[in-house]
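# what's the 3D shape of this:
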Amino acid sequence: MDVVHTFLLGVLQGITEFLPISSSAHLILMPLFNGWEDQGVAFDLAVHVGTLLAVLLYFRRDVLVLVHDGVQSLLQCRRVGQSVLAGAIVLGTIPTGIAGLLLLDLIDTTLRSVQVIFVTTVVFAALLGWADYSGKRTRPIESITWKDALLVGLAQAVSLVPGTSRSGATITAGLMLGLDRQAASRFSFLLAIPITALAASVKLLQVAGEDIAVDWMAFLIGGVVSFVTALTAIHFFLKWLNRFGMWPYVIYRMLLAVVIYLLFFQQAETFSLAFVAIVGGFVLLVWSADRFVDGAAATANHAGMPALLIGMVIVGFGTSAPEMVVSAFAAAAGNPGLALGNAYGSNIVNIALVLGITAMITPIIVHSKIIRKELPILIALGLFSGWQLSDGELSFVDAVILSSGFFVLMGWSVFSVLRSRDDVLEQEMQQELAAHTMTLGRAIFWLLAGLLLLIVSSRVLVWGAVFIAHDLGISDLVIGLTIVALGTSLPELAASVVAVQKGEHDIALGNVIGSNMFNLLAVVGIAGIIAPTGVEPAVLTRDWPSMFALMVVLFLMAFRLHGPGRINRLEGSLLVLFYLAYNGYLAYGVLQL
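Residues are numbered from 1 along each chain as shown. This is a model prediction of the structure:
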């Protein structure tokens, strides 16, 4: 490499290594943007050493204290000063080290694609923005426990996928766990020290073991430049953190995704429009669904509907409205695979990601008798849906049966309300209605306006998703299982997180269970009535088993013979890991095509 290339790549590594914008993505994309050759392992070693020295110098006092207290704690077999934080850093490094050893070849080959970088850039920008917006941000770095360290460490392991950003993933996890911005960021930077040292060691072994020729001038320039720029980046990041938060980096990642589309995919103008349609459609979809639920609940309350019935039917239906409308438009547009993928994918997102993240923030306590009755019904519906699709098609008759089952479910809900007394879910719903009073006129306005915007945003979203999926060669089913399912499940995520933070645990779980039943009956039923379709074999061998397994796991977590059930943080993290593994498997299958 010439001096200019070396200097620019050194600057790029130094700036992006500790900012939540992904250094790996930039180092992969920059040579592609400019037609440069790959910089090679020796240069990677140089910039890793440079950034490692920068973070060590900046946090030198912290490092000395942590090493001293950690060693003294081991020698004295008791807690000494900052020894808990030192142990948390070691524990947080283990998942990444294991993942790096097991998945090194996959990360260095298959996952170094523009498609992967585009998806991770968008998804983790959204997660970072959501964590910064909704996190409590009250806990100092001294409050970090071994559970926090493990969860942040798992997030760091996910960041091995190019485009994710190590600092972005760990800061996001820290904010979700309630750490304040400074605490989440400082813990992220301290975690960077052992993992960067490990990465540099691996690069050194490659250089030594493979007898790679080293351009010492490029090595020196890259190391020095990355050191200076990384030190500068850390300083100004922490200086401006409380003033600007994470939003500058969220916006940058979204703009980077647009640039990737414009430069690397065909039909750039239409692609950029489709990308805007997806992002804008999701934002409008979530907002309009929230308005629709508020309006519908307030209208039902004015009509004298019991609070428990509002919680089970109106809120459950409202949070499933995005899936229903999106699937209806997808089926009408000749994309029934997207509709089926949206329904099953949303159920997977609801249990694995929504409940997983919610439980990681605050363990979910299960009190309600109604929910305990609904869980077995959900499992029965899951079994029935698998049997129904076992012949390889979703026929008109199948769809009618499912839609009829939806109305039977509504009748059962009414019957349960009439028989129940003093249910915890009813009490929580009464508190919600009292806290969000609304006149009848305003309630009807938001009911109608929310429904109209739901329809418009769903149509826009379906167009953008179908266009991008077809141009990338991804099936309608996969795009429905992933991007569309994640987007349409955002109301459940928002509702559950807010509910559990208020202590309304049964509302959080009730939203998910009710939404999943509606998805299996109404969402699939409506799509099948509009456009009966054949079912891809992967649905029966991959997607339905994943969904049903999650239903059974949820039942085992939530149900107890004596006393309330509980979904703790460890179980929540396992659910999130399942979601990541499932989507990773889907991505791997797409990349093999």
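
# is residue 46 in contact with residue 217, as I believe?
No. Judged on Cβ atoms under 8 Å, residue 46 makes no contact with residue 217 at a distance of 10.6 Å. All C-beta spots, glycine's among them, are computed from the backbone N, C-alpha and C.

# ok, the two, which is more surrounded?
residue 46 (31 against 11; other Cβ atoms under 10 Å).

# sort out which residues of the helix or strand residue 293 falls within are buried, please.
For residue 293, the host element (DSSP states H and E) is helix 268-302. Judged by neighbour count (16 or more other Cβ atoms under 10 Å), helix 268-302 contains these buried residues: 271-272, 274-275, 277-279, 281-282, 284-301.

# quick one: contacts for residue 140?
Residues in contact with residue 140 (Cβ atoms under 8 Å, 6 or more residues apart in numbering) are 179, 180, 183.

# of those residues, select the buried ones using a PyMOL command.
Selection command for PyMOL covering only the buried members of those, criterion 16+ other Cβ under 10 Å:
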select buried, resi 179+180+183
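
# roughly how far does residue 148 sit from residue 91?
10 Å (Cβ to Cβ, to the nearest Å).

# out of those two, which sits in the busier spot?
residue 148 (22 against 16).

# that one and residue 85 touch, don't they?
No. Look at residue 148 against residue 85 with Cβ under 8 Å: they stay out of range, at 10.5 Å.

# overlap in contacts of the two?
Counting by Cβ under 8 Å, 6+ apart, nothing touches both residue 148 and residue 85.

# where do the strands sit along the stretch 301-450 of the chain?
Assigned by DSSP state E, counting those that start in this stretch, the stretch 301-450 of the chain shows strands spanning 364-366, 393-394.

# helices and strands around the longest one, which ones?
The helices and strands touching strand 364-366, judged by 3 or more Cβ pairs under 8 Å, 6 or more residues apart in numbering; DSSP states H and E, are helix 505-518, strand 565-567.

# now the shortest one
Taking 3+ Cβ pairs under 8 Å, 6+ apart as the contact definition, the neighbouring helices and strands of strand 393-394 are helix 524-530, strand 533-534.

# go with 10 Å
Strand 393-394 is packed against helix 336-348, helix 524-530, strand 533-534, with contacts defined by 3 or more Cβ pairs under 10 Å, 6 or more residues apart in numbering; DSSP states H and E.

# just the mean pLDDT for it, thanks.
Mean per-residue pLDDT for strand 393-394: 88.

# need the residues that contact stretch 437-454.
For stretch 437-454, contacts defined as Cβ atoms under 10 Å, 6 or more residues apart in numbering pick out 284-285, 287-303, 318, 321-322, 324-326.

# repeat that for 7 Å
Contacts with stretch 437-454, where a contact means Cβ atoms under 7 Å, 6 or more residues apart in numbering, come from 284-285, 288-289, 291-292, 294-296, 298-299, 302, 321-322, 325.

# go on, stretch 515-532?
Under Cβ under 7 Å, 6+ apart, the answer for stretch 515-532 is 316-317, 319-320, 323-324, 327-328, 330-332, 334, 336, 339-340, 343, 346-347, 350, 377-378, 381-382, 385, 394-396, 398-400, 402-403, 405-406, 409, 492.

# just name the most buried of the helices and strands packed on strand 364-366.
helix 505-518 (a mean of 27; mean count of other Cβ atoms under 10 Å).

# can I get the CA coordinates of that helix in PDB?
The C-alpha coordinates for helix 505-518 follow below in PDB (Å, rounded to 0.1, in the frame of the first residue of the first chain):
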ATOM      1  CA  HIS A 505     -45.700  -7.800  34.500                       C
ATOM      2  CA  ASP A 506     -48.900  -9.500  33.400                       C
ATOM      3  CA  ILE A 507     -49.600  -6.900  30.800                       C
ATOM      4  CA  ALA A 508     -46.100  -7.500  29.400                       C
ATOM      5  CA  LEU A 509     -46.700 -11.200  29.100                       C
ATOM      6  CA  GLY A 510     -50.300 -10.900  28.100                       C
ATOM      7  CA  ASN A 511     -49.500  -8.600  25.200                       C
ATOM      8  CA  VAL A 512     -47.200 -11.300  23.800                       C
ATOM      9  CA  ILE A 513     -49.400 -14.300  24.300                       C
ATOM     10  CA  GLY A 514     -52.500 -12.500  22.900                       C
ATOM     11  CA  SER A 515     -50.600 -11.300  19.900                       C
ATOM     12  CA  ASN A 516     -49.200 -14.700  19.200                       C
ATOM     13  CA  MET A 517     -52.600 -16.300  19.200                       C
ATOM     14  CA  PHE A 518     -54.000 -13.600  17.000                       C
END
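
# looking at the helices and strands packed on strand 364-366, spot the one closest to residue 256.
The closest of the helices and strands packed on strand 364-366 to residue 256 is helix 505-518. By Cβ to Cβ, the value is 32.7 Å.

# avg pLDDT for the closest one?
In the prediction, helix 505-518 has an average pLDDT of 78.

# now it: how far from the chain's centre is it?
19 Å (Cα atoms, centre = their mean, to the nearest Å).

# what's the burial count for residue 404?
12.

# I'd say residue 292 and residue 325 touch.
No. Contact criterion Cβ atoms under 7 Å: residue 292 and residue 325 do not qualify, at 10.0 Å.

# angle of the helix or strand residue 255 falls within against helix 268-302?
Assigned by DSSP H and E, residue 255 belongs to helix 247-264. On the basis of axes from the mean of the first three to the mean of the last three Cα atoms, to 10 degrees, helix 247-264 is oriented at 140 degrees to helix 268-302.

# tell me the buried residues in helix 247-264?
So, applying 16+ other Cβ under 10 Å, buried residues of helix 247-264: 249, 250, 253, 254, 256, 257, 258, 260, 261, 264.

# nearest spatial neighbour of the third one, skipping sequence neighbours?
Taking Cβ to Cβ, 6 or more residues apart in numbering, and ignoring the residues beside it in sequence, residue 253 has residue 125 as its nearest neighbour in space, at 3.6 Å.

# check what pLDDT that neighbour gets.
Looking at residue 125, the pLDDT reads 87.

# burial count for it?
28.

# distance check, it against residue 163.
Taking Cβ to Cβ, one finds residue 125 at 10 Å from residue 163.

# what's the answer for residue 402, then?
Residue 402 is 38 Å from residue 163, by Cβ to Cβ.

# circling back to that earlier point, out of the contacts of stretch 515-532, which end up buried?
Buried among these by 16+ other Cβ under 10 Å: 316-317, 319-320, 323-324, 327-328, 330-332, 336, 339-340, 343, 346-347, 350, 378, 381-382, 385, 394, 398-399, 402-403, 405-406, 409, 492.

# among the residues you listed, which are in helices?
Counting by DSSP state H, those place 316-317, 319-320, 323-324, 327-328, 330-332, 336, 339-340, 343, 346-347, 378, 381-382, 385, 398-399, 402-403, 405-406, 409, 492 in helices.

# could you list the low-pLDDT ranges of the stretch 101-250 of the chain?
209-213 (pLDDT under 70).
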